[in-house]
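Asker: sequence first, predicted model second:
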Amino acid sequence: MPKINGNEIRPGNVLEHNGGLWAAVKVDHVKPGKGGAFAQVELRNLRNGSKDNVRFRSADKVERVRLEQKDQQFLYENDGMLVVMDTESYEQIELPAEILGDRRPFLQDGMTIVVEFYETEALNATLPQKVICKIVETEPVVKGQTAANSFKPALLDNGIRITVPPFVGQDEDIVVNTETMEYVERA
């Protein structure tokens with residue numbers, strides 16, 4: 001695995017540190033008036049989700065890990081485990097449902113997700129950036145209510161509450177951004 005200097009760490013990099021796999025969440029480069037420059041890095045453990053703040057000097061060497069990304073098709077959920085299938089080899093594996101975090105409700109049958117593997121261990125999964133959802137419940141359209149920022153609450157078919165523009169009605173399909181959990185457009 002390639003070793004990089006402490007000042008080359010960027011957000012999103014996966015590092016092997018203290019015997020664990022850590023993702024760099026936030027990186028601040030600090031040049032104090034006295035002493036050498038260093039990078040203050042906020043790390044998140046990919047296995048258990050714990051966080052740590054570490055200082056890396058430019059002379060420190062750290063191992064950068066490359067995760068293999070594979071497209072997996074979601075099949076079904078069984079006892080808190082998501083069963084997904086590799087789209088190339090048709091091999092099925094189980095992932096814990098917590099791997100998706102608060103984006104879990106946006107997972108739909110047959111959806112293709114990207115799973116990041118370290119050797120054979122699945123560490124992370126990401127949904128497509130945009131998904132189509134149906135509005136189950138929202139306030140009716142009020143004529144003349146066209147102010148610039150007047151969004152109204154809506155309940156989606158997956159149980160998530162978001163805000164939508166006033167012209168969007170009940171039983172309509174909309175596109176939702178899974179990263180920000182916000183309305184994007186009508187489907």
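Answerer: Yes, it's here.
Asker: number of residues surrounding Leu95?
Answerer: 19 (other CB atoms under 10 Å). In short, each C-beta sits where N, CA and C put it, glycine included.
Asker: who's it bridged to?
Answerer: Counting by DSSP bridges, Leu95 is bridged to Leu82.
Asker: was I right about it contacting Leu82?
Answerer: Yes - applying CB atoms under 8 Å as the test, Leu95 and Leu82 come out as touching, 4.7 Å apart.
Asker: could you list the low-pLDDT ranges of this structure?
Answerer: Under the criterion pLDDT under 70, the flagged ranges of the chain are 1, 142-149.
Asker: hmm, try it at 80
Answerer: 1, 49, 141-150 (pLDDT under 80).
Asker: walk me through the domains of it.
Answerer: Domain ranges of the chain: 3-65, 68-126, 130-186, per automatic domain parsing.
Asker: what bridges to the residue most central in space within the chain?
Answerer: In the chain, the residue lying closest to the centroid (CA atoms, centre = their mean) is Thr126, at 5.2 Å. Applying DSSP bridges to Thr126 yields these beta-bridge partners: Val114.
Asker: measure it to Gly20 for me?
Answerer: For Thr126, the distance to Gly20 equals 21 Å [CB to CB, to the nearest Å].
Asker: cool, Glu185 as well?
Answerer: 41 Å.
Asker: those two: which is more packed in?
Answerer: Each of Glu185 and Gly20 had its neighbours counted (other CB under 10 Å), and the higher figure belongs to Gly20 (14 against 11).
Asker: so that one sits against Arg44, correct?
Answerer: No - the pair Gly20 and Arg44 fails to qualify as a contact (CB under 8 Å) at a distance of 10.5 Å.
Asker: so what sits against both of these two?
Answerer: Here Gly20 and Arg44 have no joint contacts, going by CB atoms under 8 Å, 6 or more residues apart in numbering.
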